[in-house]
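A.B. asks: build me a model from this:
(2 chains)
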Amino acid sequence: MNTLTLWFHKIGSPPTFYRLAGRFTPWLFALAALTGLVGLYGGLVLAPADYQQSDAYRIIFIHVPSAWMSLFIYFVMAVNAFIALVWRIKLSETLAMCCAPIGAAFTAITLATGSIWGKPMWGTWWTWDARLTSELVLLFLYVGVIGLYHAIEDRRQAARAASFLALVGIVNVPIVHFSVKWWNTLHQGSTVRLLGPSAIDASMLWPLLLMALATKLWFLGSLFARARASLLELEAGKDWAREEALRTGAAP
Amino acid sequence: MSEFLAMGGYGAYVWSSYAIFAVVLAIDYIAPRLHRRRVLAELRGRIKRQQKRTETPT
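C.D. replies: Residues are numbered from 1 along each chain as shown, chains lettered A, B, ... in the order given. Next comes the predicted model:
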C-alpha cells in the first residue's frame, strides 16, 4: 500500500478519527459562531433594506444558507453512503448516518423560515409548487433514513439499509435545485451564481456568503461531534472505548 | 433600537425566523453531547459490573 492509502486507513480507523475529531470540533464550532455573528451583523445591521421587501428580506440570511446546506449535506450523506455500501468502511457508515439529523435540521429550518417569509410576501404560508414540494420531499427522505436506521436492530445492517435509501433519494437533489428553472413556481430563481455575476448587491452578498461559510463549519462540527458519540457506541466492546470511558469518568 | 427590532413592520416574521434558526441549532449542538455522555456512562456501568463479577466469583 502506498503512503496515501495507509494514511487514509489510519484516519478511517475509529479511535484515530475519534481523537482527531475531538480536537477539531471545538474549533469548528467557535469558527462557525464567529463567522455567523459577523455575517448576522452584516445582514441585520449593515445591509440596507430591500427596495421591494423592506426589512422582511433579511430572512434570506438564514433561509438561503440553510437551503444550501440541506442539499449539500444530502450530497455528503450520499457520498458516504456509497462508500459504505461499496467498501463497507465503518467510518463512512457512521458519517452517512450522522449527516441525516443535521440535514433534517437544516431542511426544517429552510421550510419553516421560507413559510414565515412567504406569508408577508406571497400572502400564503404554503403552496404546493415545485420548489416547496421537492424540499418537503427532501425532509421526508432525511426522516426516512433516520427512521430506517433506528428500525433495524443490528447497527451495521441498519446503516447499510439506510445508506441504500439515502443513495436512491439523491435523485431529489437536482430536482430541488433546478425546480425553479424546470417549472413555473412562486419561488424566485437563484440570485447567487457560482458562474457569472450574482443578481444581488455586494452589501447583501457578503453577509450571505459568510452565513453560508458559518453553516458549513457548523455542519462539520456537528458531524464530528455526532460521529464521535456514534463510534463510541458502535465500538463499546473495544479497548479504546473502555479507556475513553474510564478516562472521562476519572475527571468530573 | 426599537426601530431595529421593528424591522420595518416585519419584526414578527424576521425575529421568529431567527428564533427558529437559533433553537434548532442549539438542539443540534446539545444532542450529540448528551448522546456521548450517555454512551460513556453506560460503558462505565458495564465495566463496573464486569469488575464485580470477576472479584466475587459465584
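
A.B. asks: the helix ranked longest in chain B: how far from the chain's middle?
C.D. replies: In chain B, taking DSSP state H as the definition, the longest helix is helix B:11-55. Chain-centre distance of helix B:11-55: 4 Å, with C-alpha atoms, centre = their mean, to the nearest Å.

A.B. asks: which regions of chain B lie under the pLDDT threshold?
C.D. replies: Low-confidence segments of chain B, defined by pLDDT under 70, span residues B:57-58.

A.B. asks: no no, the stretch 51-200 of chain A
C.D. replies: A:194-196.

A.B. asks: identify the residue nearest A:Arg156 in space, chain neighbours excluded?
C.D. replies: Once flanking residues are discounted, A:Arg156 sits nearest to A:Glu93: 6.5 Å by C-beta to C-beta, 6 or more residues apart in numbering or on different chains. Where you see a C-beta, it was placed from the backbone N, CA and C, and this is true even at glycine.

A.B. asks: neighbours of the one you found, how many?
C.D. replies: A count of neighbours around A:Glu93, defined by other C-beta atoms under 10 Å in any protein chain shown, yields 25.

A.B. asks: now swap in the one 10 residues further on and tell me
C.D. replies: Around A:Gly103 there are 28 other residues, counting by other C-beta under 10 Å.

A.B. asks: the residue nearest to A:Arg156 against A:Gln157, yeah?
C.D. replies: No - using C-beta atoms under 8 Å, A:Glu93 makes no contact with A:Gln157, being 10.1 Å away.

A.B. asks: and the longest helix of chain B, what does it pack onto?
C.D. replies: If you count contacts as 3 or more C-beta pairs under 8 Å, 6 or more residues apart in numbering or on different chains; DSSP states H and E, helix B:11-55 packs onto helix A:60-87, helix A:90-122, helix A:202-234, helix A:239-250.

A.B. asks: quick check: closest non-adjacent residue to A:Gly221.
C.D. replies: In space, A:Gly221 is closest to A:Leu28, 3.4 Å off (C-beta to C-beta, 6+ apart).

A.B. asks: in which helix or strand does the one you found reside?
C.D. replies: helix A:14-41 (DSSP states H and E).

A.B. asks: burial of residue 41, as a residue count?
C.D. replies: Looking at chain A here, since you left the chain open. Number of residues near A:Tyr41 (other C-beta under 10 Å) recorded here: 13.

A.B. asks: look at chain B instead
C.D. replies: For B:Ala41, using other C-beta under 10 Å, the count is 13.

A.B. asks: quick one on the thing from earlier: now do the contacts for the residue nearest to A:Arg156.
C.D. replies: Counting by C-beta atoms under 8 Å, 6 or more residues apart in numbering or on different chains, A:Glu93 touches A:Asn80, A:Ala84, A:Arg156, A:Ala159, A:Arg160, A:Ser163.

A.B. asks: assess the claim that the last one and A:Cys99 are in contact.
C.D. replies: Right, A:Ser163. No - counting by C-beta under 8 Å, A:Ser163 sits too far from A:Cys99 to count as a contact (10.5 Å).

A.B. asks: these two - which one has more neighbours?
C.D. replies: A:Cys99 (28 against 25).

A.B. asks: pretty sure the more buried one contacts A:Phe75?
C.D. replies: No - in this structure, A:Cys99 is not within contact of A:Phe75 by C-beta under 8 Å, at 9.3 Å.

A.B. asks: about what we covered before: and the angle for the longest helix of chain B with helix A:239-250?
C.D. replies: Put simply, helix B:11-55 runs at 100 degrees to helix A:239-250, going by axes from the mean of the first three to the mean of the last three C-alpha atoms, to 10 degrees.
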